[in-house]
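In: Build me a model from this:
(one chain, ligands or ions: 1)
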Amino acid sequence: MTAPQLNGAQLEYAIRIRGLTKHFGTQLIFENLSLDVHAGEILAIAGGSGTGKSVLLRTILGLLPFEAGSVEILGSSDFASLSKTERVKIERQVGVLFQDGALFSSLTVLQNVQVPMREHLKLPLKTMDALALLKIAMVGLPPSAAYKYPSELSGGMRKRAGLARALALDPRIVFLDEPTSGLDPIGAAAFDRLIQSLQRTLGLTVYMITHDLDSIFAVCDRVAVLADKHVVREGAPMDLVRDPGHPWVREYFCGERGRQIAKAS
Ligand SMILES: Nc1ncnc2c1ncn2[C@@H]1O[C@H](COP(=O)(O)OP(=O)(O)OP(=O)(O)O)[C@@H](O)[C@H]1O
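Out: Numbering: from 1, shown residues only. Down below sits the predicted model:
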């Protein structure tokens, strides 16, 4: 596993969040939330509905403002204080797979994968075609999928196409928003294996929002649990089973299904 580097030095943390406070109007979403994402790990973000998993993702990506705290990505200064040029440099090293794949319906898979390339790289079309086909193969799609439109693909294939687009610029961090939701258990397990193999081969840091206990135990190095407006528990999945430390964690990880999966893994 190759850890991300900054000016030649290995980075310990891919993301560092400190003292984050965020409101929507009068609704407090995060209060003094801190979280470290280790370089080269697969981190699951879990928590009940409405605890802010998606808001945290969008906040890290700089898509939502916040009132206090800091977000550092790949050894940068606080993301919010970066110049436009510095932000673009970081953004190029980050890939995102949104929940529904967020593909453009009027573009083929190949064209979808090329969207970030067109935005950030100045390459001849032939080179972009070759690169996009490579990414499409990397996520386990057949070459014929490249020329299909999203509506012509199964849900699992759309997720893979979205992942190919997230990998378009060879990112160092990949954010996945519920990557296995809507997939049958076999498709979900195959997608988990794909993520793990890409993470190992490319040395990626993976930040994955998930409700899927199978995924958490199969591929995640650590889990961070959101509740009560901050991260209430983080650690290896088995550590959370042994020592839940919070009622939601106990209910989720130590219920019958959690215990069964933990026992089998
Ligand atoms: N743009 C917005 N404007 C106002 N409130 C918002 C906005 N986006 C999210 N919220 C609120 O922030 C809270 C956290 O929402 P979020 O979508 O992050 O939850 P979640 O943990 O991802 O939930 P789920 O697991 O159900 O997807 C919710 O109360 C939601 O209503």
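In: Double-check Gly47 against Val225; I have them as touching.
Out: Yes - Gly47 lies in contact with Val225 (C-beta atoms under 8 Å); the separation is 5.5 Å. The way it works is simple: take the backbone N, C-alpha and C, and place the C-beta from them, glycine included.
In: out of these two, which sits in the busier spot?
Out: Remark: of Gly47 and Val225, Val225 carries more neighbours, 26 against 23, as counted by other C-beta atoms under 10 Å.
In: Am I right that the more buried one is in a helix?
Out: No - according to DSSP: H, G, I helix; E, B strand; the rest coil, Val225 belongs to no helix; its state is strand.
In: What is the neighbour count of the nearest residue to Asp243 once chain neighbours are set aside?
Out: Sequence neighbours aside, Gly235 is the residue nearest to Asp243 in space, at 8.0 Å (criterion: C-beta to C-beta, 6 or more residues apart in numbering). Around Gly235 there are 17 other residues, counting by other C-beta under 10 Å.
In: Quick one: residues contacting Gly235.
Out: Taking C-beta atoms under 8 Å, 6 or more residues apart in numbering, we find Gly235 in contact with 222-223, 243.
In: at 10 Å instead, please
Out: 221-225, 241-243, 245, 249 (C-beta atoms under 10 Å, 6 or more residues apart in numbering).
In: cool, Ile90 as well?
Out: Per C-beta under 10 Å, 6+ apart, neighbours of Ile90: 61-62, 72-76, 79, 82, 172-173.
In: Is it in a helix, a strand, or coil?
Out: Quick answer, by three-state DSSP: Ile90 is helix.
In: Contact residues of the stretch 101-250 of the chain facing the ligand?
Out: Remark: no part of the stretch 101-250 of the chain is in contact with the ligand, using C-beta under 6 Å from any ligand atom.
In: could you pull out the helices for the stretch 101-250 of the chain?
Out: For the stretch 101-250 of the chain, applying DSSP state H, counting those that start in this stretch gives helices covering 109-120, 125-138, 155-166, 185-202, 213-219, 237-242, 247-253.
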